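> no sequence on this one, just coordinates:
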């Protein structure tokens, strides 16, 4: 088997194993064989009798499976968006939450909880989605203005710095609103730390169109990101428009991250750690890194969510805490490793 | 018919004029060398031809104004090798050379059989096939330069722009690379426009030399006309002796004062 085929196989097995473990583990103790039989029975043209009770069936199909599928979507989206950003900015430390995305979502969710509580629970995901996209748009606009006035050929650094500045501004606004309305502090914080506990098939179908569109656009640009790795000048001399490619990929990544954030809150580190591990194991061509990040990130988040809902059962740990606890040491390791390679 | 013609080229960088009304031309299969002191505008002329900086004036490729060409069309005709190319350290030589096919690929297309064949041919042409699977970080200076040239050739360009192709190389590897380029233009009809800081080398390889001074053409023509002790002294503020070598090309030797 070739190296790419091997990498795809490993990532697919990891994802299937993570989903399988997650389906079997939890507060309701489902019989493993009966659970697997019940799931295989759902495949068209497959008929398998299962001894699962109606209650267990409901647990499996209405609670665990939507949560697993949502975890797959969120983990895949965050990872592929992180990988896409890292590629177009030629910087392994850029995360899907940067460029004002997480800060915009946080502000949006806070505003929804504090001021739009009357509309109902659906206000939070929509506000987070809109806030996330608006954050990136403002950062991109600020970056474009900065590049136009600034020295030549500094576009990516300027855009990143603008993203940091916009993020700080939005976070400050959010902190101020929170400080004025401490009675909702816990509700907002629960959202900020990320969770898949409210997962439903409805959430899956709501973000699916955005997920599919953004992922298809990102995956279609693997080759372009590889060309960008020789720098904007040489990419342009090779007949590519670096600013155009960067704009398209950033927009698609922003859409992917916003879709994930809307249903899960802020889940850090996935977007940095997963693509880095993939690059380590499968090489640096983004034609491979992007799809492998999608698969591996999906598996990683499903595993993290399984840990989040089982270690303190029946209480739940916020998934953002789990990914950060695993992610922070990995982040330090990345810092060391990237210095060693000299990129 | 010229392969490359530059007319009244003017470029401002950061509002500072760098080139003022430069004219020069290269015949098909010719080698035009740009020489001149640091900051004379040599690299800027190359970058304008590669479409990397805005300019006033006209640049013609085989009679076609490059402004009328789309980015990809121009990239198929002109390959550009900067003085310090960016070599992604963990990319393999093969992947890197295949990047040279970018101008021939559609927006959503990937490299096909013909692209791989052309990349393989470029690797073979520069005798680097045996390290196709190596990572770029592991290459020596001479190997890097050949790999970068292979990437440029993989695009099947008609004009090759080389910015100081030998500045990082020892004298042996300098000769090796320059002989390779010379062979490519003799066999393939490739037109070469290069900057070269070593005046003797420029005289040995180029059939036309353009001496730039503060963004103006100070002299142009065969090496024996341009490389005179007086002109070099005036433009570079350098003390040199110019002698005639066995191939009747000028040899420029630096001289200590006194």
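That came in fine, so what should we check first? This structure is a prediction, so every number in the text was calculated from the model and none was measured.
> name the element the nearest residue to residue A:194 once chain neighbours are set aside belongs to?
Nearest non-adjacent residue to residue A:194, counting by CB to CB, 6 or more residues apart in numbering or on different chains: residue A:320, 3.4 Å away. (C-beta placed from N, C-alpha, C; glycine too.) Per DSSP states H and E: residue A:320 is located in helix A:319-341.
> mean confidence for that helix?
Averaged over helix A:319-341, pLDDT sits at 73.
> now do stretch A:7-16
Rounded mean pLDDT across stretch A:7-16 is 94.
> is chain B contacted by that stretch?
No: if you take CB under 8 Å from any CB of the partner chain as the test, stretch A:7-16 misses chain B, and the best it gets is 14.9 Å.
> next, the buried residues of that stretch.
By neighbour count with 16 or more other CB atoms under 10 Å in any protein chain shown, stretch A:7-16 contains the buried residues A:7-8, A:11, A:14-15.
> how about stretch B:250-258?
Neighbour counts over stretch B:250-258 (16+ other CB under 10 Å) mark B:250-252 as buried.
> what do you get for stretch A:207-219?
By neighbour count on 16+ other CB under 10 Å, the buried set for stretch A:207-219 is A:207, A:210-211, A:214-215, A:217-219.
> anything in it near chain B?
No: if you take CB under 8 Å from any CB as the test, stretch A:207-219 misses chain B, and the best it gets is 10.5 Å.
> could you do stretch A:220-234 as well?
Yes: residues of stretch A:220-234 contacting chain B under CB under 8 Å from any CB: A:220, A:223, A:226-227, A:229-231, A:233-234.
> ok, those vs residue A:257, which is closest?
Using CB to CB, residue A:220 is the member of these that lies nearest residue A:257, at 17.7 Å.
> okay, the residue in the stretch 101-250 of chain B that chain A sits nearest to: pLDDT?
Closest to chain A within the stretch 101-250 of chain B is residue B:103: 3.7 Å, counting by CB to the nearest CB. For residue B:103, the pLDDT comes out at 95.
> go on, the one 4 residues further on?
For residue B:107, the model assigns a pLDDT of 90.
> phi, psi for it please.
Note on residue B:107: its backbone torsions stand at phi -60, psi -40 [degrees, to the nearest 10].
> burial measure for it, as a count.
12 (other CB atoms under 10 Å in any protein chain shown).
> which of the helices or strands spans residue 39?
By default, I'm working from chain A. Assigned by DSSP H and E, residue A:39 belongs to helix A:32-41.
> let's do chain B instead
Assessed by DSSP H and E, residue B:39 sits outside every helix and strand.
> now residue B:57
Here residue B:57 is assigned to strand B:56-61, by DSSP H and E.
> and that strand, what's buried?
B:57, B:59-61.
> which residue is nearest the middle of the chain?
In the absence of a named chain, chain A is used. Centrality entry for chain A: nearest residue to the mean C-alpha point is residue A:78, 1.6 Å, by CA atoms, centre = their mean.
> could you do chain B instead?
Central residue of chain B (CA atoms, centre = their mean): residue B:162, 1.8 Å from the mean position.
> quick check: the farthest pair among the buried residues of stretch A:7-16?
The two members of the buried residues of stretch A:7-16 with the most space between them (CB to CB) are A:7 and A:15, at 12.7 Å.
> tally of neighbours for the residue in chain A positioned nearest to chain B?
The minimum distance from chain A to chain B, using CB to the nearest CB, falls at residue A:239 (2.9 Å). By the measure other CB under 10 Å, the count of residues near residue A:239 is 23.
> contacting residues around the closest residue to it other than its chain neighbours?
Nearest non-adjacent residue to residue A:239, counting by CB to CB, 6+ apart: residue B:75, 2.9 Å away. If you count contacts by CB atoms under 8 Å, 6 or more residues apart in numbering or on different chains, residue B:75 has them with A:237-240, B:51, B:102-103, B:155.
> now residue A:47
Going by CB under 8 Å, 6+ apart, the list of residues near residue A:47 reads residue A:41.
> helix/strand/coil for it?
Secondary structure, DSSP: H, G, I helix; E, B strand; the rest coil: residue A:47 is coil.
> next, it: phi, psi?
Dihedral pair for residue A:47: phi -120, psi 110, per degrees, to the nearest 10.
> same question for residue B:156.
Dihedral pair for residue B:156: phi 50, psi 50, per degrees, to the nearest 10.
> same thing with residue A:122?
When read as degrees, to the nearest 10, the backbone of residue A:122 gives phi -70, psi -10.
> buried set for the longest helix that chain B contains?
For chain B, the helix with the greatest residue count under DSSP state H is helix B:171-188. Using 16+ other CB under 10 Å as the test for burial, helix B:171-188 gives B:173-174, B:176-178, B:180-182, B:184-185.
> pLDDT for the buried residues of strand B:56-61 - can I get that in a markdown table?
Shown next, in a markdown table, are the buried residues of strand B:56-61 (pLDDT from 0 to 100):
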| residue | pLDDT |
| --- | --- |
| B:57 | 95 |
| B:59 | 95 |
| B:60 | 94 |
| B:61 | 92 |
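> and residue A:262, what does it touch?
A:105, A:125-126, A:128-129, A:132, A:206-207.
> just the residues you listed: which are in helices?
Those of those lying in helices (DSSP H): A:105, A:125-126, A:128-129, A:132, A:206-207.
> out of the buried residues of stretch A:7-16, which sit inside helices?
Checking these against DSSP H, those in helices are A:7-8, A:11, A:14-15.
> let me know the closest of these to residue A:328.
Of these, the one sitting nearest to residue A:328 (CB to CB) turns out to be residue A:14, at 21.8 Å.
> who's in contact with the closest one?
Residue A:14 sits next to A:295-296, A:299 when contact means CB under 8 Å, 6+ apart.
> scan the residues you listed and report the most crowded one.
Within those, most neighbours by other CB under 10 Å means residue A:296, with 30 neighbours.
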